[in-house]
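Undergrad: fold the following for me, if possible:
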Amino acid sequence: MRLVAILLGLLALTACGGKKTASASEVVRAWSAALDRNDNEEAARLFADRAQIVQNGEATLATHADAVHWNAALPCGGRIIHLEVRSKSQVLAVFELEERPQHRCDANGSQAATLFEIEHGRIVLWHQTAVPENFAPGGQVI
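TA: Take a look at the predicted model:
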């Protein structure tokens with residue numbers, strides 16, 4: 001009986017707090033995969049309310065609906081060809097742009113880079129930036 005109580009206690013301890021927050025890299029990969037499937041709802045779930053967008057100006061995605069609309073407006077999906085973890089919360093992703101369902105990609109085959117800031121498993125900053133000069137296509141993807 002004592003062994004059963006110990007096993008139940010261990011089970012309870014491992015179950016508590018079992019939900020792990022996704023790493024910044026995992027969030028970036030999940031967002032990219034959702035966008036490539038044209039799952040704008042799922043892509044939007046990865047954005048925090050009041051997320052900042054820097055792309056040809058600045059915008060704030062005040063609500064989930066704003067995030068759905070913004071993701072739906074992106075013309076291209078993309079294959080991640082390089083991830084650079086800059087800190088626990090910042091990741092630079094380089095994409096090779098591709099068509100995505102129900103969209104027409106205006107830059108198919110070109111590269112684009114985005115700096116992501118992630119807090120508590122959600123994107124709080126999506127900042128389109130220049131592809132780093134020292135980036136060599138075909139580099140290691142982490």
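Undergrad: switch to C-alpha atoms for all contacts and neighbour counts from now on
TA: OK.
Undergrad: can you find the helix or strand in this structure with the smallest mean pLDDT?
TA: When the helices and strands of the chain are scored by mean pLDDT, DSSP states H and E, helix 2-15 comes last with a mean of 43.
Undergrad: show me what the next helix or strand after that helix is packed against.
TA: Sequence-wise, the next helix or strand downstream of helix 2-15 (DSSP states H and E) is helix 24-36. Applying 3 or more CA pairs under 8 Å, 6 or more residues apart in numbering; DSSP states H and E, one finds that helix 24-36 makes contact with helix 40-45, strand 77-85, strand 90-98, strand 111-119.
Undergrad: show me the residue at the heart of the chain, geometrically.
TA: The residue lying closest to the centre of the chain (CA atoms, centre = their mean) is residue 28, at 2.4 Å.
Undergrad: that one contacts residue 116, correct?
TA: Yes. At 7.4 Å, residue 28 and residue 116 qualify as touching, with contact defined as CA atoms under 8 Å.
Undergrad: now for those two: what residues contact both?
TA: Residues touching both residue 28 and residue 116 (CA atoms under 8 Å, 6 or more residues apart in numbering): 91, 93.
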